[in-house]
Structures are given as C-alpha cells and as structure tokens.
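# quick one, what's the 3D model for this:
(2 chains)
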Amino acid sequence: MSLKDDLNQIKENGLVKIESSKSVKELNDQIRVDLLGKKGLITQTLRGISNLPVEERPEMGSYANSIRDTLQVAIDNKAQELEEKELNEKLKSEKIDVTLPENKVIKGHPHVIQQIVDQIDDLFLGMGYEVLSGPEVEEDVYNFEMMNLPKDHPARDMQDTFYITDEILMRTQTSPMQARTLEKHDFSKGPLKMISPGLVYRRDTDDPTHSHQFHQVEGIVIDENITMADLKGTLEVMIEELFGDKFDVRLRPSYFPFTEPSVEVDITCFKCMGKGCSVCKGSGWIEVLGAGMVHPNVLKMAGVDANEYGGFAFGLGPDRFAMLKYGVTDIRDFYLNDLRFLSQFN
Amino acid sequence: MLISYNWLKEYLDINISADDLAEKIERSSVEVDSVITRSKGLKKIIVGQIMSFEKHPDSDHLNICQVDTGEDELEQIVCGAPNVEVGAKVIVASPGARIADNVKIKKAKMRGIESRGMLCALDEIGFPKDVVPKEWSDGIYFLPEDAVVGNDVYEYIGMNDSLIDLDVTPNRGDMLSIRGTLFDLAAIYNKNFELETNEVKNYLNDNISDLINLNVDETLSSNYNLRIIKNVKVEASPLWLQIRLWNAGIKPINNIVDVTNYIMIKLGQPLHAYDLDKINQNDISVRRAKNGETITTLDDVERILNETDVVISDSKSPIALAGLMGGKDTEVDDNTTNILLEGANFNSVNTRKMAQKQNLHTDASQRFERKIDDSNIVNSIEDATGLIEMIANGEATKDILTKTVNKSKNKIINITSSRINHVLGTDFDNNTIIDIFNRLNFEVEIENDSIKVTIPSRRNDISMDADLIEEIARIYGYDNIGSTLPTTKMTQGKLSKKQKLIRNSRKSMEEYGLTHAISYSLTSEEKSSQFSTNDQESVQLKFPMSMDHSNLRMNLLSGLLDDVAYNQARNVKNVALYEQGRIFIPNDNDVRPTEIEHLAGVISGSLVENNWKQKSKKVDFYDIKGILNEFLKNLSFVDEITYVATDKYSNMHPGRTADILIGDTKIGFIGQVHPKLVQKYKIDEVYGFEINLDIINDLPKKEQLYNQISQYPSIKRDIALLLNDDITHADVYNLIKKRGGAYLTKIDLFDIYEGENIPEGKKSMAYSLIFQDKNGTLTDEDVNKSMEKIQNNLEKEFDLEIR
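Next up, the predicted model:
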C-alpha cells in the first residue's frame, strides 16, 4: 500500500463517516478531530512522508492537503445540513395554538356621549370656536329671562324645571351660556364664536326616552355679517362630521323664544334611509337639533346692539345623537354605567 | 290638532296628496306628527243589514243574527252587543277581514254556535274610544239607512279622509284651525281660498240687551259677546257634522255643543253654549272667583276656586271657568230649548295659569293661551248661529251683546329688503318680498326704501322685523336658502389649560384601565355628603321628583359606588370606573353653589379576568394608588406628591385611607371604602380615590425636563432593615434619600416581611439602592462611604437593625 492509497482510503472512509453522522456535536467533537485533528488520521499518515524520496514529497504533500480540504468541506456542509435540521426540529417542537385567547391588555373605555361631545368640540375648535362651559346651577335670569322667556311665557311649560330657590335652578338648557358670553364679549376684538357643551336637567320621570339629566351642546356665532345661510352651512358641516355624508338635511320652521327665525333640523332616517319606518314614524326624517337666528331681544338684553350685530345659535343633544347613531333604545343606559354597555364603545 | 284633508279641500283648490301636503306644511309652517287615515290597515269591513236575530240558547247576552252582506246567503253572526235591531245597517267584519290593531277575523264557534264574522262597534275598527258618541259607546254602530249592503263602510263614516296631525308650536295659535291652516297653505301654494260661512236667515224680535244684564272685568276679557238663541231642538247632529268632529278628535255630544266645537275647529274661536233657562236672573258677569267658591265643571269635577281663577257667573254662582270649561249646572241637554251663546277673548296668561292649576287643558284653553284673533269672534258667532238655525231650528236675537275694550289697531312693521337679505344671506328684490307678503294676506305699502307691512290680527305672533324675516324665509323655503360658512375676522380655537387637564385626566384614566362613567349629579341627601369631612349640608331641590335625586352631589365616589352595585348585581364582578364631573358646594357669598371639577375612580374585584393563562388577582390599595400616582406624576408638580394616612373619613377604612398632598396642598383622598358602607351597597371590597381638578389646575408645574443618561456604570447595593412596625416606608425612604449623597439615583423597596423569625412588632424591609455618577466612574469606596452614612443615620433615627 502506498501512502497515496492510504490517503485515499482515509478519504473514502472519512466521507462515509461524515455522511452518516447524526449530530453536529459528533461531527465536530469526534469526526473532525479523528480525521483532521492534530493527532488525526491525516496528520499521522503524513508522518510516512519522510520515507518518500525528497522530490516526491511536495506532490504527496499537496495531495494530502487536497484530501484535507475535501474532508473539511464535507464536514462543514454536513454540519450546516445537520444544524438546519436540528433547528427545524426545534421549531417544530415549539409550535403553539395561535387561536388560543390572547393575554388581555388592561384598558378603559371612553363614554359614548363624551366621544360625541369631544368630536363636536374638535370640529368647532378647528373652525376657530371657543369651547366654554357654564354653570349647571343657573340663575332664572340667564336660563329663562335673558333667553327671552319671561316669567309667564308659555314656552316655560315646555321645560319642566328643578328649582332650588325661586331664582336659582338646575339649568334646563345650555342656552344661558349665550346670554353669559354675549354679556361679556368685547365685539371690538372680533366676533363671538363659541360652543358650550354640558349637562342639563329637566323635571322628567326617567323612562326609555326621558332622562332628568342629559347633555346639550350650545353653539353661537355673532358678528356683523352672519346669515341664515351661514347657519345652514355650519350645521351641514357638523352633521357630515358626525354622521357621514350619506344624509340629507332638512330645515323646517319651529319656535324657540331665543331665536327668530327658528328652525328644527332633520336628517334622513338612518334606519330606512328615507323610505319611512318605525324609527322615523314613517316620515323618513329624524329630528336632530334646533337652531335659528339669535332673537334681537336676546342681544338687547345682553347689551349687544341688535342693529349692528347678529348671528345664529344652535343646540343639540349628544344623548339623542348617540341613540340615533348606535341604535340605543333606552336613554337611561347612558347613566347606569353598565360595563357591558360602556365597554362596547372604543 | 287633527286637520281634515277633505275639509281643507272643500275651500282650497289644490291637487296634492295628503302626504305631500303634510310634508309641505312641515317644511313651511309647523311640525306634522303623522298623517292618519282611519281605514288604513283595515280589510273587508262592509255594510251589513240585520235581517233577524234570536237569543243564543246558552247565553243570556249573546244573540244569533242573520245578516245580509250582499252575498247570496245570509251570514250567521253571533253578537254580544245589547243594541242589535232588525233592519239596522251595521258594520260587518266577515271572515278574512282585518279590524283594528291588525286583528284578523275568522269564522268561529261561540258557545257551540257557528259565527261567520263580527258586528263592530266604532272603536273596534280603530276609532279612539274618546271620540265615539255616547249613544254608540256600549254597542255596535248603526250606519245611515241609505248605506248600501255589501259596500265598504269607510266612506259613510269618514274613514277615508286623511287627518294631518299638526304639532303647533306656542307661537302659532293661528294654525289651530282650518281657517289658519288655509291662510298658510294659500301663501305656500300661492292660491286663493273661499271660506264659506252660514248666514242667519230669521231673527227673533227680542233684543238680547233687554234680556241680559252683562258685567265684564275688562282686564280679564278684552272682548266678550253673547247671543240668545231660542226654541232650539237638541238632538244628535247630522252625520256629516259628527264626522267632521270625530275626525278632528272631538266626541260629538249634541247638535248645539257640536256646532260650538265645529266652529272652533273651523275658525279657531272657542264658543260656549249655556242653557239659558238654568241661569239665575239673567245676570252675567266675568269676574275673579271669590276664595272658596266652587263650580262643578262639565267633566263632573267639583273645583274649589280662589281669586286667581276667572269665572263667568250668574247672579248666584259661577257658571263657567273662563276659557277652560262650562259648568255642569248650565249644561245644554236634551231638554234645553233656549241657549246663551258666548264668544270671547280671555286673557292668555290667566288661562294658562288656571289650566295648569286646575290641571284642565282643553281645546278652548289651548287656543286662549296662544291668543285668539279678536276680529274673528263675531264672525264665529254668526257662523255658529246660522248653523244652529239650520240644524236645530233655533231663532236668534238680531243683536249680539258686546263688551269690548277699544280694539287695538293692527300692528305695522317697517322692513327693508337689505335687512332681510342681511339676515338670510339672500338677494331678494322688493318684488319678491312683496309677493310673499301678499300671498300671506299681509297689507303692504312701499315708503321710500322701506316696506310697510300691516300685520293682520290673526297673526299676533308677529311683532318685529325678525318675525317678518321668518315669514319670508319659510314661505320662500329653507331649502332654497344657500349654504355658506361664516366669514369673520380670524379667531383662534383652542382649549384652555383647565380643559386640557380635564381631557388629559379622562384619557389617562382610560389608559390605566378605568372606564368612563357618567352618573347623576342629583342624588339622595345621604349620598350627597357621603365623603365629606365636615357637616356641611348639600344643596337641596325645592320639589324633587324622588328622594333618590333630591340633592346636589358633593362627591363623585357615591355615584361610582352606585355603578359598582349596578354591575355587581348583574354579575359583572370586576369593575374599574372613573368619573370626571362637577360637584356642588354651597357658598355663603353667592346665590349659586360653587361648582368644582372632580375626578374619582373605583376598582373592585380584579383588574384582569381569570383565563387559561392569566390569573385574576384581587385588587388592593396599591392598585388604585398605582393608577392615581401615575396620573399625578405625569402632571410634573413642582412640589412633591405625598400620601398621609388619615382616619377622618367616616365612610373610608380608617387604616387604609390617605389624604393626597401636593406640597402642603390637599387635593383629595384615596383608600378602601369602609366595609360597612360596602355592605350597605351590597358590593365587594372597593378601592377608590377622589381628587379636585380645579386645585390641581392651579398648582405650579415643572417644565418638561430632560436628564442626560450617564455614560458611566452604576453600582447597586442592597440593604435589609429590621425595624419597628410603626415606621413607614415614607419615613425610611425620605431618610435614605436625604442622607444618600449626590450619587444615589434610585431607591427600590423590594421586600417586606413580617412573621416567622421576625420578632413581634417588628418587620423586615429590604431596599436596593443604585448609585451613579454623571461625570465619572464610581469607585466602591465612594459607594461605601454613602452606604455607611445611610446606615448610621437609619440606626440613629429609627433604632433599627441592619441585617
């Protein structure tokens, strides 16, 4: 047997061993050491090189190196193959049921009415309105008299009132903020553009459609050149913001002592899209808010020159909006704070 | 108010469906609640004739009727009505018919006898009970003799008419009549109308002024008129008149009463007829009632009066409540032959107050409250007299006895087209405007630039130019007005500091797991002061609706406890809620209480639901403290946040409650709700806090600061202490902080232990301290020095053992 044959033998046997190896550990710790290590077969075999004639030695040396390289590559390839296999097995064993319920993140929910109020606030802030909130315990003077509702006015019957004393009451509307801001506003500094959200109170027995406490948002714009067309445009912008652009808006005459002309604003019924159903009592329309041009008496009583200044005001009920938008059928749900109800809104 | 479509069309030539007309009224005049057609939803309700009947063998009230319904054979119908009569034309619902409330009629056996259908009373085919005439209220209805057997019944009793239900606003009293509605429709459609009235043909020779002595307090009635009509024959009204009334929602009574009601609906003027022969000595006065005087009104209620009431009186006693209802004693009945017909204008405020006080809201009071048309009173009396003459054979005095305050002239308002356009955003010329006023029947004159408009007395709601602008807008149509946005000087829209704090508080609470609750501001007296530390009383309503909502809350927590109770009673055990709202504190210096913005939160049960992976954990004090402290920390107060144990809240756990201070300012409290209170609410252990956002808003805050992160390594040292039970974490923490030197950057409590191996009255606390220098690497020596100082001071201050 020549040295070359020995080397070939080592290569053949080595390749078989490498191929049949089962683990990276065996490859590196055993096979690699046995074949290529300091005391490995190739090194040992090459000791016989000294018996060769000097001129043959370089050739045999490089032959031995080529075998070393072949084995080295074979080991590396096999190691990579085995590593991949081992990883795949590990990954396979780590498989989980991704449909199992998640770990819950703890979070609270905003109240649906607050969401609507915030949405209205943001819209009007963007149009340069102030947001002001007035007292919930109000003077009769602001709640009624300065809103053009003197003591014997029949429209007072439309709003049953919680009185605290003869002159102090739970405000029945956010409209007194019209009087309060008109009284204070300095028109030489520019127009009055204000909305005022808040709670209001009526002496009503609570039932699915009545609540002794509910929300209102008042809006008022007073300047030298504010028109009914401005009111219409403003309301249309708001309705589109709150309900989307699928709805028609209808203004119809109404009566509020503090506006003249007064209108009530209807939008296409959500449920039937105008065809007529039980929600809209067959009319195809749903009333969403009241508005009008601020009554000259209201301006005068607040000390504003009604010949020079005028404008519009509107009042809407977020409770009603929420009921319409989400199909809530009982207004009391907003104040009972049942978590199963509240947590549906995000 | 129900307006009959057929009645309108008698006077106004329009070719528009009732639904379209209603839509137009709604867009131009007043709200329409609905359009009612009584025949709608009914099926196969036909005219039948009772040919014979016999008693049911097994019943003492049922009759077996043989009814001709126009078919080849008679139908056998068992009927329980007491008034079956051979030959009567009746309302038949045959098998397959549908009567009121969507009830289907099938053939059936009634006590063994086959019955093919049903003979109907008016309310069974959809008439409201309160419009059915008394004589038909307990039995089946008899149709007119000329009704054709087999035909639908609807046409005979006015059921095909469309009734437009107007919801008339307080200002539009004129719309409470056919006349007023016609004026508006004529303007809207630009049409003319002819309102026919009945004329009186023959008069008595008597003069009423010779027969009646009249005394009117002019402050109570500005316009009072009487006429005598003699020799009337009181009986049921002709069917056409009954139909008009029941289609207006009014019950027919007899021909005299019906005429007064008919004229009220037609012209808007309430009238009243007294039985002249029941009046004492023909002395009539309109006066204030005397204290303690009584009257029994037509609704059989005896009413005790005082000086705020206004009555019509004869020489002895009141005979009517002015503007509301007549008296029983002078009622027109079947034996009445002579009547006294009254048409008046009663003061609207008085009427309203009386109607409220007596809780008697009538068709008449509704009209007087909204003010009636003075110029229409005499016409109405004439029209009524003519009709009474025609259907009840009466003979009237030629004159009408009148007491009238000198009539006010019609109001004149000047307006310009530029003013109208300025308010509406339109560009109408004078002609357009004048045309609309003409259509409304307002007289118009041009004076220079201005339009002089004379307001007819029927429109007493119009008193200034704004009112006229509304008339122009609504007749022109709101749909036709443009849509623009206000153009003004630039304004800034932004939230105030306080509004931002409030928004931020809500957002934070939601981030930390609490859901926004909105409870009632009005609560019970007890709950309103449940978490007060003084004995200040809350504001109370004068006339609360219930004791549950009688007082203004002085805290938010009690409302949240109600919410916890509501949820836990419904098996929602894990509750985490907050509320942001106002509380109301009485204020000696103001008529109104001070309204303070508060924030409160509660947690009960566990913050997480038990599931396959996460285990629920009962909430405790440190959970709620974590939520609140995170919120407070983020506000970056200049001063430190401290929690000071307190037992002064009677409804909080005395050992688990703290006042919250920022520097020296108290902003609220936090703790466990007292177990006794929790038991009362029937709820689980609850932890909560309540803080004052107004105070927080005013407290000084730091600017957002940034600390450079040190490039140098830190050194951690642990220290374990054995100390007396009553020494608090805050005591230890503050001392370590004070004595820890400049390099001490963090103090963490990582263990507390009491129990085995620890002597009674002692506890073990372990802290880890982190030291770091911004400018260099710390040496062990540096840290040892600091630790030594800390340990020495701890030992000196607290008599403790370092372990």
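# what number of residues lie near residue B:400?
Residues within reach of residue B:400, counting by other C-beta atoms under 10 Å in any protein chain shown, total 19. (Glycine included, C-beta is placed from N, CA and C.)
# how much space between it and residue B:342?
Distance, residue B:400 to residue B:342, using C-beta to C-beta, to the nearest Å: 10 Å.
# list residues touching both of these two?
Jointly contacting residue B:400 and residue B:342 under the rule C-beta atoms under 8 Å, 6 or more residues apart in numbering or on different chains are B:225-226.
# might you list the low-confidence residue ranges for chain B?
B:407 (pLDDT under 70).
# run the chain-centre distance for the lengthiest helix in chain A.
Using DSSP state H to define each element, chain A has its longest helix at helix A:57-93. Helix A:57-93 sits 56 Å away from the centroid of its parent chain (C-alpha atoms, centre = their mean, to the nearest Å).
# one more: stretch B:623-630?
Centre-to-centre, stretch B:623-630 and its host chain are 41 Å apart (C-alpha atoms, centre = their mean).
# and that stretch with chain A, contact?
No: under the criterion of C-beta under 8 Å from any C-beta of the partner chain, chain A is not reached by stretch B:623-630; the shortest gap measures 9.9 Å.
# need the contact partners of that stretch.
Outside of stretch B:623-630, the residues within contact range by C-beta under 8 Å, 6+ apart are B:508-509, B:512-514, B:601-603, B:607, B:641, B:643, B:660, B:670, B:687-689, B:691.
# again with stretch B:183-200
B:8, B:11-14, B:16, B:21, B:24-25, B:28-29, B:174-175, B:178-179, B:182, B:379, B:382-387, B:389-390, B:396, B:436, B:439-441, B:458, B:475.
# do stretch A:274-281 as well
A:248, A:268-272, A:282-286, B:33-34.
# okay, and which of the residues you listed map to strands?
Residues of these located in strands (DSSP state E): A:268, A:285-286, B:33-34.
# going by residue numbers, what spans are strands in the stretch 51-200 of chain B?
Counting by DSSP state E, counting those that start in this stretch, the stretch 51-200 of chain B has strands at residues B:63-68, B:75-79, B:89-99, B:103-104, B:108-110, B:113-115, B:118-119, B:162-167.
# using JSON lines, lay out these together with mean neighbour count and distance to residue B:50.
Below are the strands of the stretch 51-200 of chain B laid out as JSON lines (neighbours: other C-beta atoms under 10 Å in any protein chain shown; distance: least, C-beta to C-beta, whole Å):
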{"stretch": "strand B:63-68", "mean neighbour count": "20", "distance to residue B:50": "5"}
{"stretch": "strand B:75-79", "mean neighbour count": "22", "distance to residue B:50": "9"}
{"stretch": "strand B:89-99", "mean neighbour count": "21", "distance to residue B:50": "6"}
{"stretch": "strand B:103-104", "mean neighbour count": "11", "distance to residue B:50": "22"}
{"stretch": "strand B:108-110", "mean neighbour count": "13", "distance to residue B:50": "17"}
{"stretch": "strand B:113-115", "mean neighbour count": "17", "distance to residue B:50": "14"}
{"stretch": "strand B:118-119", "mean neighbour count": "26", "distance to residue B:50": "8"}
{"stretch": "strand B:162-167", "mean neighbour count": "20", "distance to residue B:50": "30"}
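# circling back: most neighbours of all the ones in strands among the contacts of stretch A:274-281, which one?
Most surrounded of these: other C-beta under 10 Å gives residue A:285, at 23 neighbours.
# bridged to the nearest residue to that residue once chain neighbours are set aside, which residues?
Leaving aside its sequence neighbours, residue A:285 sits nearest to residue A:266 (C-beta to C-beta, 6 or more residues apart in numbering or on different chains; 3.8 Å). Under DSSP bridges, the beta-bridge partners of residue A:266 are residue A:250, residue A:287.
# I figured residue A:266 hits residue A:290, correct?
No: at 10.9 Å, residue A:266 and residue A:290 do not qualify as touching, with contact defined as C-beta atoms under 8 Å.
# residue of the stretch 401-550 of chain B nearest chain A, please.
Nearest residue of the stretch 401-550 of chain B to chain A, counting by C-beta to the nearest C-beta: residue B:425, 3.0 Å away.
# that residue and residue A:316, how far apart?
21 Å.
# give me the distance from stretch B:242-252 to the chain's centre.
The gap between where stretch B:242-252 is centred and where its chain is centred comes out at 29 Å by C-alpha atoms, centre = their mean.
# returning to that earlier point: pull out the buried members of the contacts of stretch B:183-200.
Buried residues within the contacts of stretch B:183-200, defined by neighbour count using 16 or more other C-beta atoms under 10 Å in any protein chain shown: B:8, B:11-12, B:14, B:21, B:24-25, B:28-29, B:174-175, B:178-179, B:182, B:379, B:382-387, B:389-390, B:396, B:436, B:439-440, B:458, B:475.
# and these near chain A, which?
Restricting the buried ones among the contacts of stretch B:183-200 to those touching chain A (C-beta under 8 Å from any C-beta) yields B:28-29.
# what residues does the stretch 1-150 of chain A put near chain B?
Taking C-beta under 8 Å from any C-beta, the part of the stretch 1-150 of chain A that reaches chain B is made up of A:100-101, A:103-104, A:106-111, A:113-114, A:118, A:121, A:124-131, A:135-139.
# any stretches of the stretch 51-200 of chain A with poor pLDDT?
For the stretch 51-200 of chain A, residues meeting the criterion pLDDT under 70 lie at A:154, A:157-159.
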